[in-house]
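>>> sequence and predicted model, in that order:
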Amino acid sequence: MTNSIKKLDYTLRLADGGLILGHRLGEWCGHGPVLEQDIALTNTALDHLGRARSLYQYAAEQFNQLPAEEKKNVFTSVTLQNTVSTGAAIDEDDLAYLRDGWDFRNELLLEQPNIDWAYTVARSFFYDTFNYFFFTQLQKSKDESLSAIAEKSLKEVTYHLRWSSEWVVRLGDGTDESHSRMQQAVNELWMYTGELFTMNETDAAMAAEGTGVDLAPIRPLWMERVRVVLDEATINIPGDAWMQQGGREGRHSEHLGYILAELQFMQRAYPGMEW
């Protein structure tokens, strides 16, 4: 895999994370526990989707600049391969709507179902904490486009983290029922958090050239922030150290398939449609 392909893979992973979590949070639109939080979470979903779009635009630009031979083996989606074979340029919509599940690189944590408000809060809290430290470092990227996206994203992520942290404490240190649900959510989602810090071949290459982020120094910062908030919320950190992984390599849970079936239906049913 060339460095150009690795950089594309890296960019797509960041975009996929925003798209999938944005879709999950968007499922709460009109169903939030109170109107204010319904609006807050919908706005957060739009932040994730906005970041995803910027990254997909950049990823499409990278792909279109690849030599023809390198383009052939990037995606497994037959629909997208057919588009590429014509020599036509692809855009951000193609990357979001025409790739198959095994072409997606988002972490498994982000595709897990909402279940209830506590699960949604816990999932966001784990990812928001990671994003805060990740985008802080990505601002230093030698890639100007990634650095600019990181700088803009950090302003949004800072708010996301404050929101999700406050809700973890509110539920954890609330009633017996809310505490029980928050603890259960943390217990069940914890096994997906390790993947956030797993360095694969792409991560190592991007960090080495100064484009990406070395995840090792971020992990203790993440752990400390999570511990402080969970302590205040009277929530115990699970003792099980075993972690799920595979999303970054295209191995996903069944939940991603249902997300993409809903997300991609219109474009798949009516190819090339425009609003």
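Right, received. Where do you want to start? Numbers count the residues shown, from 1 in each chain.
>>> which parts of the stretch 101-250 of the chain are helices?
Secondary structure of the stretch 101-250 of the chain by DSSP state H, counting those that start in this stretch: the helices cover 108-111, 117-138, 144-172, 176-189, 201-208, 218-232.
>>> chain center to the fourth one, what's the gap?
I take that to be helix 176-189. In this view, helix 176-189 has its centroid 22 Å away from the chain centroid, taken as C-alpha atoms, centre = their mean, to the nearest Å.
>>> return the most buried member of the helices of the stretch 101-250 of the chain.
Here the criterion is mean neighbour count by mean count of other C-beta atoms under 10 Å, and of the helices of the stretch 101-250 of the chain the winner is helix 108-111, at a mean of 26. In this view, the C-beta of every residue, glycine as well, is placed from N, C-alpha and C.
>>> low-confidence ranges, the protein, go.
Across the chain, the ranges flagged by pLDDT under 70 are 275.
>>> which one of the helices of the stretch 101-250 of the chain lies closest to R53?
Nearest to R53, of all the helices of the stretch 101-250 of the chain, is helix 144-172, at 10.3 Å by C-beta to C-beta.
>>> that closest one to helix 201-208, inter-axis angle?
Orientation note: helix 144-172 sits at an angle of 110 degrees relative to helix 201-208 (axes from the mean of the first three to the mean of the last three C-alpha atoms, to 10 degrees).
>>> and G22, how far is that from W117?
When distance is defined by C-beta to C-beta, to the nearest Å, G22 is 18 Å away from W117.
>>> about what we covered before: can I get the helices of the stretch 101-250 of the chain in TSV with distance to A45?
What follows is the helices of the stretch 101-250 of the chain, written out as TSV (distance: least, C-beta to C-beta, whole Å):
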stretch	distance to A45
helix 108-111	12
helix 117-138	10
helix 144-172	10
helix 176-189	18
helix 201-208	26
helix 218-232	22
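>>> mind checking which of the ones you listed is nearest A88?
That would be helix 144-172 among these, by C-beta to C-beta, at 22.7 Å.
>>> give me the helices and strands touching the closest one, please.
Judged by 3 or more C-beta pairs under 8 Å, 6 or more residues apart in numbering; DSSP states H and E, the packing partners of helix 144-172 are helix 35-64, helix 117-138, helix 176-189, helix 218-232.
>>> now distance to T202 too, for those helices, in a markdown table please.
Below are the helices and strands packed on helix 144-172 laid out as a markdown table (distance: least, C-beta to C-beta, whole Å):
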| stretch | distance to T202 |
| --- | --- |
| helix 35-64 | 13 |
| helix 117-138 | 14 |
| helix 176-189 | 24 |
| helix 218-232 | 16 |
